[in-house]
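Visitor: what follows is a protein structure lacking sequence information:
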C-alpha cells in the first residue's frame, strides 16, 4: 500500500494550518526548537514586551503556565513562533487556517487580522474574564467518549432539567465519538453518571475554567467590549472560525464569532469536514503538542496531519512538503 506522502504526491497539494487550543500547553514548550530557530525566542521577546510579562519564563513555570490568563498568551506566542518558522517554507500560502478555541486567535494573528501585540493582550484579557466569570462557582469539564453528538446534547438537557441547580452543555464537538461537556460541577457530574449508565466513558478534565458554556456569558459580554477597541485587518488567508465552522470575511463578523465562541460550543468536527470538502489533503498543526493531529485521525474523513512542536516533527513535515 502506498504511504501517505506517496499518495499526496499524486494529487495537487492543498494545505490547511491548524492552531492548538488551551490544554495543549507543556512546560518548556518550543524549547527544543529554540535551539535551532531564533524565531522562537524573538517571538517570545516581542510578545513579552507587549504584555509586560516574561512569557518565556512562564512557559518554564508549571503553576503559572496553567493559570488561564497566562496559558492563553503563552500558547498563542508558541503557535505564532512556529508559524514564523513555517511561513517562508511554503511554496504558496496555505488554503485555510483554523484554530481550536484559543487557537482561533492564533489563526487570526497568522492571517494578519490582528497583530501579535494586540493578540497576546487580548487573550490575556480573555483568560482573566473567563476566570472572573466563575469566581465562587464549583465548575468542571469532562470528555464523553463513544456517544453520538445528539445523545450527549440530550444528556446535558436531561441533567439541566432534572438536577437541581445544574448548568451543563456540550462545549467541544471534537470528533465523532468525542464531545467535551462543560458547566458547573453538579451539571457535569450528572452527565458523567448518565454516560456511565449507557456503558460509555466520561473522563473528567483538569481545567481551571469551564469553557464554551452558559457560565461564560458574563465574560462574553466583557470580551465584546475588548474586541471593539482593537482594529482588525483583512485576512491574508481565510480563517474558518469555531462558531459556525465557516469563514467570516468582515471585521464585525469575525468579532461577533469570537464573542459568541466563548459561551457556545467549538464545532471542530464540522470545521474538519469543511476542510475535507474543500479537498485539503495536508494538515499542519502549529503549536504545542499533537492533540489536533490525533483528532484529525478520528474524523469522518481523516486528513494526514503533521505536528511541528519538535525538531524531529518539523523535519518530517519538511520532507513531505519537499
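Guide: Yep, that arrived. Bear in mind that the values here come from a model prediction, so they are computed numbers and not experimental data.
Visitor: can we go C-alpha only for contacts and neighbour counts from here?
Guide: Will do.
Visitor: tally up the residues packed near residue 322, please.
Guide: Close neighbours of residue 322, defined as other C-alpha atoms under 10 Å, add up to 9.
Visitor: any buried residues in stretch 191-208, and which?
Guide: Neighbour counts over stretch 191-208 (16 or more other C-alpha atoms under 10 Å) mark 191-192, 194-195, 201-202, 204, 207 as buried.
Visitor: ah, wrong one, I meant stretch 146-164
Guide: In stretch 146-164, counting by 16+ other C-alpha under 10 Å, buried: 146-147, 149, 152-153, 155-160.
Visitor: for the host helix or strand of residue 315, name the packing helices and strands.
Guide: Using DSSP states H and E, residue 315 falls within helix 311-321. Contacts defined by 3 or more C-alpha pairs under 8 Å, 6 or more residues apart in numbering; DSSP states H and E place helix 311-321 against strand 305-307.
Visitor: so for the strand it packs on, mean pLDDT?
Guide: Across strand 305-307, pLDDT averages out at 97.
Visitor: follow-up on the earlier one: show me which of the buried residues of stretch 191-208 is closest to residue 52.
Guide: Nearest to residue 52 among these: residue 207, at 25.2 Å, using C-alpha to C-alpha.
Visitor: residue 240: neighbouring residues, count only.
Guide: The burial count for residue 240: 25, using other C-alpha under 10 Å.
Visitor: helix, strand or coil: sort out it for me.
Guide: strand (DSSP: H, G, I helix; E, B strand; the rest coil).
Visitor: now, the most widely separated pair of the buried residues of stretch 191-208?
Guide: 194 and 207, at 21.3 Å, using C-alpha to C-alpha across the buried residues of stretch 191-208.
Visitor: tell me where the stretch 51-200 of the chain has helices.
Guide: Listed in chain order, the helices of the stretch 51-200 of the chain (DSSP state H, counting those that start in this stretch) span 55-58, 62-65, 68-86, 103-110, 116-133, 149-162, 185-197.
Visitor: just how off-centre is the third one within its chain?
Guide: Computed by C-alpha atoms, centre = their mean, to the nearest Å, the separation of helix 68-86 from the middle of its chain amounts to 11 Å.
Visitor: so which elements touch that helix?
Guide: helix 38-51, helix 55-58, helix 62-65, helix 103-110, helix 116-133, strand 282-286.
Visitor: can you give me the buried ones in it?
Guide: Buried, per 16+ other C-alpha under 10 Å, within helix 68-86: 68-83, 85-86.
Visitor: one step back: need the helices of the stretch 51-200 of the chain in TSV with distance to residue 19 and mean pLDDT, can you?
Guide: Output for the helices of the stretch 51-200 of the chain, formatted as TSV (distance: least, C-alpha to C-alpha, whole Å; pLDDT from 0 to 100):
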stretch	distance to residue 19	mean pLDDT
helix 55-58	18	98
helix 62-65	18	95
helix 68-86	7	97
helix 103-110	5	98
helix 116-133	14	97
helix 149-162	23	97
helix 185-197	27	97
